[in-house]
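J.: What follows is a predicted structure for the sequence shown.
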Amino acid sequence: MTSEPAAAPPGADPFRFDGRVVVLAGAGAFGRAAAPVFAARGAAIFVTDLDPAAVESIVASVRAAGGDSDGLAADTGDPAAVQAVFEALDDRFGRVDILLNVSGGNPRIGRAEAVAVAAWDEVIRIDLTAKLLTSQAAARRMIAAGRGGSIVNMSSIAGTTVLGRDTLAYGTAMAGVIQMTRELAVAWAPHGIRVNAIQACQFVNPGLQAMIDDPAQAATISRIVSGIPLGRMGRSDEMVGPLVFLASDAASMVTGITLPVDGGNLAFNAGGSPGTR
């Protein structure tokens, strides 16, 4: 049986991360929104992403605000690259306490009957395998250190229901993230490592903003929003609270769950009608 973690002193803020190191795997919209908040709550931030400029931007912004940050650009779907990232982390900070797996992409790869194996493999690699590789690297260090830790994986509503629009491989990968989260949560629970996931609906990012701004995509955007009972897409800053909660001591008894952050999408039947006002 796992030993019980020490109780926090009375009045301690369970949402503080003083002395802890966060590995932020993904420097996109969620990563940019989360990094300064975790840093402001006492964490050091190590950033990795395929885009060197995005990594540099987050590191610079955290440092400019007085926080401690470093990073390394890498393809986290490549085992050798992940090894290099975590070796750099070891050299710079010597520990990892939290892993935020918020990288990934949703490329359209064609109709289901015509999907090429190479395209399928690439989506699975960037959206599922990458999260496994970073989770394994983090967990090995957490286990060796004996302090436990927290891993949060970003999934999607596409892992439970079908988006269509040529996203077969993406939806399959997101379902895989949810099941992998359960598997890893159970496997690593004896070491005090919590593993949870978030299911996001459509959050505005540069790709979606381009669709929103394109009159030819108006019907698709209307269809997307019609499936979200709150009546709008999410903002990247609205993902920060769920990430902080699942990573924090406030969620010390929470593991193996998938938390929808979806404006009510998964609660809403596809044939339903929203309530009237």
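T.: Received, thanks.
J.: Can you pull out the residues in contact with the helix or strand of the chain with the lowest mean pLDDT?
T.: Ranking every helix and strand in the chain by mean pLDDT, DSSP states H and E puts helix 206-213 at the bottom, with a mean of 90. Identification of contacts with helix 206-213 by CB atoms under 8 Å, 6 or more residues apart in numbering yields 29, 202, 204, 217, 220, 221, 233. Where you see a C-beta, it was placed from the backbone N, CA and C, and this is true even at glycine.
J.: Looks to me like residue 195 is in a strand.
T.: Yes. Judged by DSSP: H, G, I helix; E, B strand; the rest coil, residue 195 forms part of a strand.
J.: Pull up the per-residue confidence for it.
T.: pLDDT for residue 195: 99.
J.: again, but for residue 100
T.: As predicted, residue 100 sits at a pLDDT of 98.
J.: Repeat that for residue 140.
T.: Predicted confidence (pLDDT) for residue 140: 98.
J.: Also residue 1?
T.: What the model reports as pLDDT for residue 1 is 60.
J.: Report the buried residues of stretch 40-49.
T.: Using 16 or more other CB atoms under 10 Å as the test for burial, stretch 40-49 gives 41, 43, 44, 45, 46, 47, 48, 49.
J.: Can you show me the strands along this structure?
T.: Taking DSSP state E as the test, the strands found in the chain are 21-25, 44-49, 69-73, 98-101, 149-156, 193-200, 258-261.
J.: Give me the below-cutoff pLDDT ranges for the stretch 1-150 of the chain.
T.: Where the stretch 1-150 of the chain drops to pLDDT under 70, the residues are 1-3, 6.
J.: all helices of it, in order?
T.: For the stretch 1-150 of the chain, the helices defined by DSSP state H, counting those that start in this stretch occupy 29-40, 52-64, 79-92, 117-124, 130-145.
J.: Quick one: closest of the ones you listed to residue 261.
T.: Closest of these to residue 261 is helix 29-40, at 10.3 Å (criterion: CB to CB).
J.: Now do the closest one against helix 206-213, angle only.
T.: Relative orientation of helix 29-40 and helix 206-213, computed by axes from the mean of the first three to the mean of the last three CA atoms, to 10 degrees: 130 degrees.
J.: Hmm, residue 188 is touching residue 140, no?
T.: No. Here residue 188 lies out of contact with residue 140, judged by CB atoms under 8 Å, at a distance of 10.2 Å.
J.: These two: who's more crowded?
T.: Neighbours were counted for residue 188 and for residue 140 using other CB atoms under 10 Å; residue 188 has more, 22 against 12.
J.: What residue, apart from its backbone neighbours, is nearest the more buried one spatially?
T.: Spatial nearest neighbour of residue 188, chain neighbours left out: residue 139 (5.6 Å); criterion: CB to CB, 6 or more residues apart in numbering.
J.: what's the distance between that neighbour and residue 38?
T.: 19 Å (CB to CB, to the nearest Å).
J.: So if I had to pick from those two, which one is more boxed in?
T.: Using other CB under 10 Å, the more surrounded residue of residue 139 and residue 38 is residue 38, with 26 against 20.
J.: Identify the residues contacting that one.
T.: The contact partners of residue 38, taken as CB under 8 Å, 6+ apart, are 17, 22, 24, 45, 98, 244, 247.
J.: Then residue 90?
T.: For residue 90, the contact set (CB under 8 Å, 6+ apart) comprises residue 141.
J.: Could you tell me which helix of this protein is the longest one?
T.: In the chain, assigned by DSSP state H, the helix with the most residues is helix 168-188.
J.: Many thanks, I have nothing further to ask.
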